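A.B. asks: Quick check, what structure comes out for this input:
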Amino acid sequence: MKSLSLWFNAVGLAVVLSAPSRAAEPAPASAASSRVGVYDSRAVAYAHFWSADEQRSRNAVIAEGRAAKAAGQTAVFEEKSRLMTDYQKRMHEEVFSDAPAVEAMAALAGRMPALLGALGVDRLVSKWDEKALQSVPEKSRVDVTEKLVREFITPDEKQRKVLDAMKTTKPVPRGKLNHANLHSAPVA
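C.D. replies: Residues are numbered from 1 along each chain as shown. Sure thing, here's the model as predicted:
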């Protein structure tokens, strides 16, 4: 019965985390002793982007697009190209701006109850979500960025440099991010 209850909680959390309109809403304030895991959503999105699962998924779409192009399936090729362009835009928003790390958090949703327990926190909030953080006293905040990054990757030297640079730079406001120079992963 307990495992069934945990399963329903995990499914419910996955639904909540994947719903864009609810992602930015703060969770209700809880007891004063609650601990809140605060993380840099840019770093978590970056780590998710480089995770093995995400690379496999991305490479599959690229391969499907290339195969469609080779087979003369223009509509399929164009759809895969559009998917990659949209994906690239979302990833740039999540990695370089203050956009929530939606895909990364959705990937963690299935193991969120155990993860929260391991982190010793009641919930997670992006450090860029000022509205949600208003109700969280400084003493209740725990930086869990590095632990969330490691849920996806063990950073190599190049990735570590990028992650370290994020610590000293502010995100580009979403409305100021220049998507004109973005290039999606090559499908052709």
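
A.B. asks: Can you tell me how far Arg66 is from Ala60?
C.D. replies: 11 Å (CB to CB, to the nearest Å). Any C-beta I mention is one placed from the backbone N, CA and C, and that applies to glycine too.

A.B. asks: Correction: the previous question concerned Leu148.
C.D. replies: As judged by CB to CB, Leu148 and Ala60 stand 25 Å apart.

A.B. asks: Looking at the two, which one has more neighbours?
C.D. replies: The neighbour count for Leu148 versus Ala60, taken as other CB atoms under 10 Å, is higher for Leu148 (24 against 11).

A.B. asks: any idea which element the more buried one lies in?
C.D. replies: Leu148 belongs to helix 145-149 when assigned by DSSP states H and E.

A.B. asks: contact partners of that helix?
C.D. replies: By CB atoms under 8 Å, 6 or more residues apart in numbering, the surrounding residues in contact with helix 145-149 are 37-40, 43-44, 46-47, 104, 108, 119, 124, 127, 155, 163.

A.B. asks: Name the single longest helix found in the chain.
C.D. replies: helix 74-96 (DSSP state H).

A.B. asks: Assumed Val125 was part of a strand.
C.D. replies: Yes - counting by DSSP: H, G, I helix; E, B strand; the rest coil, Val125 falls inside a strand.

A.B. asks: Check which helix or strand the residue nearest to it when sequence neighbours are not counted maps to.
C.D. replies: In space, Val125 comes closest to Ala132 once its chain neighbours are excluded; the distance is 4.6 Å by CB to CB, 6 or more residues apart in numbering. Using DSSP H and E, Ala132 sits in helix 130-133.
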